[in-house]
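[1] Fold the following for me, if possible:
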Amino acid sequence: MPIVYLFICCDHYCNIANKLNRNKAPDSHHLYPLQTTSSALKGAIQLGIGYTVGNLSSKPERDVLMQDFYVVESIFFPSEGSNLTPAHHFPDFRFKTYAPVAFRYFRELFGIRPDDYLYSLCNEPLIELSNPGASGSVFYLTKDDEFIIKTVMHKEAEFLQKLLPGYYMNLNQNPRTLLPKFFGLYCVQSGGKNIRMVVMNNVLPRVVRMHLKYDLKGSTYKRRASKKEREKAKPTFKDLDFMQDVPEGLMLDTDTYSALVKTLQRDCLVLESFKIMDYSLLLGVHNIDQAEKEQQMEGSQGSSDEKRPLAQKALYTTAMESIQGASACGEDIDTDDTMGGIPAVNGKGERLLLYIGIIDILQSYRLIKKLEHTWKALVHDGDTVSVHRPSFYADRFFRFMSTTVFRKSSSLKSSPSKRGRGGLAAAKYSGPGTKYILHYQP
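    All right, here's what the predicted structure looks like:
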């Protein structure tokens with residue numbers, strides 16, 4: 001059955017590739033490590049993932065062995081096709097899959113079935129996103145909003161490979177984490193060039209409007225969004241912007257705050273143990289009260305999410321489950337409607353849903369970073385720059401998040417959960433179409 005599905009998928013990818021390749025004009029506003037058009041690259045990614053995941057699903061499951069973390073499988077995709085691969089209208093390319101058995105285990109651990117993974121990544125053309133950071137990476141989003149594909153440098157891909165055994169052990173011990181969820185590491189080779197990419201969870205769902213978005217490091221040196229960034233339709237703000245915009249912080253009920261702080265503390269210890277630094281907390285803020293006013297003004301009915309398949313919605317509940325787990329979410333609300341957001345309020349008493357995740361963890365504290373910090377520290381206060389030794393970075397990051405960004409408020413009354421846990425009790429749900437009531441006493 002999996003093999004049949006594979007060939008159906010490949011045929012479908014070729015149809016997509018045909019349509020994409022009709023316009024081969026390169027995108028002038030992006031620089032790709034691979035000298036090819038954006039459409040050809042996206043088509044190659046889909047063909048490669050479709051083949052490798054489909055082929056692996058036909059093999060029996062087994063325990064992950066240490067050598068599995070270092071396996072690299074390679075398959076050549078000539079444009080005319082072969083006895084293993086379909087014909088396509090892109091330049092010839094070779095597709096590499098890193099640690100396929102290990103990543104299959106990770107996907108299963110996160111509850112992602114092979115057919116869901118293939119459907120999300122390969123059923124529709126990928127959507128290219130503008131780069132929210134300064135890394136120079138190219139980002140692709142699946143049309144159903146589930147996964148992000150990010151291009152990475154050779155050193156980052158190499159570091160992730162070395163990280164995998166420890167990542168495996170940490171997930172087994174601590175499945176509740178805000179660290180990135182890695183689902184696959186791949187490489188497309190064509191014309192003597194390589195482009196490496198990692199498939200990750202999408203922290204910020206497009207179908208939920210993010211009224212504010214922040215990239216937070218706990219640093220103040222040059223941590224304000226540039227004028228160019230502010231002019232964007234959906235800018236990403238930084239630490240100094242947050243301190244100015246939300247001086248009171250984001251208030252959570254006691255149970256949620258405790259769970260979040262515990263998760264952040266554990267994740268920081270993990271990152272420090274791997275000598276990782278320069279990571280950020282990506283924070284998306286959906287303002288419920290503002291959204292209701294916007295909906296009334298627009299006179300719109302229903303939600304844009306109504307067209308999403310229910311099976312795919314289940315993968316969305318990441319923010320709340322990342323800190324408390326699915327069993328702790330209680331039975332008071334429908335997590336499909338909150339899309340996994342964490343209930344909170346701001347200083348004005350406005351009801352919010354927060355979407356959070358730790359990003360950019362593929363930076364190890366090597367010589368170049370040590371030199372960068374030394375140079376910056378000579379000119380500026382060493383404690384304020386973002387590049388720092390891992391232990392100091394983790395401590396500063398945790399303190400900033402647990403005291404400046406997120407704050408515990410006894411004014412937020414949690415409704416008791418039927419499971420005796422905090423969960424989503426800060427939001428009260430009474431049935432389809434009802435609003436979420438965050439009890440706040442200013």
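[2] Tell me how far Glu128 lies from Leu282.
    Counting by Cβ to Cβ, to the nearest Å, the gap from Glu128 to Leu282 is 19 Å. Any C-beta I mention is one placed from the backbone N, CA and C, and that applies to glycine too.
[3] what about Glu321, which helix or strand?
    helix 319-324 (DSSP states H and E).
[4] Report how many residues lie close to Glu156.
    21 (other Cβ atoms under 10 Å).
[5] And for Arg206?
    15.
[6] give me the number of residues near the closest residue to it other than its chain neighbours?
    Nearest residue to Arg206, sequence neighbours excluded (Cβ to Cβ, 6 or more residues apart in numbering): Asp145, at 5.2 Å. Per other Cβ under 10 Å, the neighbour tally for Asp145 reads 22.
[7] got any ranges where this protein has weak pLDDT?
    For the chain, applying pLDDT under 70 flags the ranges 1-37, 130-135, 299-318, 324-339, 364-388, 410-442.
[8] Domain boundaries for it, per the record?
    What automatic domain parsing lists as the domains of the chain is 2-201, 212-438.
[9] Quick check on Met243: phi, psi?
    phi -60, psi -30 (degrees, to the nearest 10).
[10] Can you verify my assumption that it contacts Val405?
    No: if you go by Cβ atoms under 8 Å, Met243 and Val405 don't touch, sitting 9.2 Å apart.
[11] more neighbours, these two?
    Applying other Cβ under 10 Å to Met243 and Val405 shows that Val405 carries more neighbours, namely 22 against 17.
[12] Surely that one touches Leu283?
    Yes: contact criterion Cβ under 8 Å: Val405 and Leu283 qualify, at 7.2 Å.
[13] intersection of neighbour lists for these two?
    Counting by Cβ atoms under 8 Å, 6 or more residues apart in numbering, the common neighbours of Val405 and Leu283 are Leu216, Phe242.
[14] any idea which element Phe159 lies in?
    Going by DSSP H and E, Phe159 is in helix 154-173.
[15] got the buried residues for that helix?
    Residues of helix 154-173 classed as buried: Glu156, Ala157, Phe159, Leu160, Gln161, Leu163, Leu164, Pro165, Tyr167, Tyr168, Asn170, Leu171 (neighbour count, 16 or more other Cβ atoms under 10 Å).
[16] got it, and stretch 232-248?
    For stretch 232-248, a neighbour-count test (16+ other Cβ under 10 Å) marks Pro235, Thr236, Phe237, Lys238, Asp239, Asp241, Phe242, Met243, Val246 as buried.
[17] what's near enough to touch the first one?
    To tie it back to what came earlier, the one meant is Pro235. Applying Cβ under 8 Å, 6+ apart, one finds that Pro235 lies in contact with Lys213, Ala225, Glu229.
[18] how close does the closest residue to the last one other than its chain neighbours get to Asp215?
    Of all residues beyond its chain neighbours, the one nearest Glu229 is Pro235 (5.0 Å), with distances taken as Cβ to Cβ, 6+ apart. Plainly put, Pro235 is 10 Å away from Asp215 if you go by Cβ to Cβ.
[19] dump the residue contacts of Leu126.
    Residues near Leu126 by Cβ under 8 Å, 6+ apart: Lys42, Ile45, Gln46, Tyr140, Leu141, Thr142, Lys143, Ile149.
[20] neighbours around the fifth one, how many?
    If I follow you right, that is Leu141. Residues within reach of Leu141, counting by other Cβ under 10 Å, total 17.
[21] sec struct for the closest residue to Arg224 other than its chain neighbours, please.
    Closest residue in space to Arg224, ignoring its immediate chain neighbours: Leu240 at 4.3 Å, by Cβ to Cβ, 6+ apart. Following DSSP: H, G, I helix; E, B strand; the rest coil, Leu240 is assigned to helix.
[22] Identify the residues contacting Leu240.
    Neighbours of Leu240 in contact, by Cβ under 8 Å, 6+ apart: Thr220, Arg223, Arg224.
[23] neighbour-wise, which of those residues leads?
    Arg223 (20 neighbours).
[24] Checking my notes, it in a strand, right?
    No: looking at Arg223 with three-state DSSP, it is coil, so not inside a strand.
[25] if I look at it, how far off is Leu178?
    To Leu178, Arg223 is 20 Å away according to Cβ to Cβ.
[26] Please apply the same query to Tyr98.
    From Tyr98 to Leu178 the distance is 24 Å (Cβ to Cβ).
[27] if we can go back for a sec, ok so the residue nearest to Arg206 is a strand residue?
    No: Asp145 is assigned coil when assessed by three-state DSSP, not a strand.
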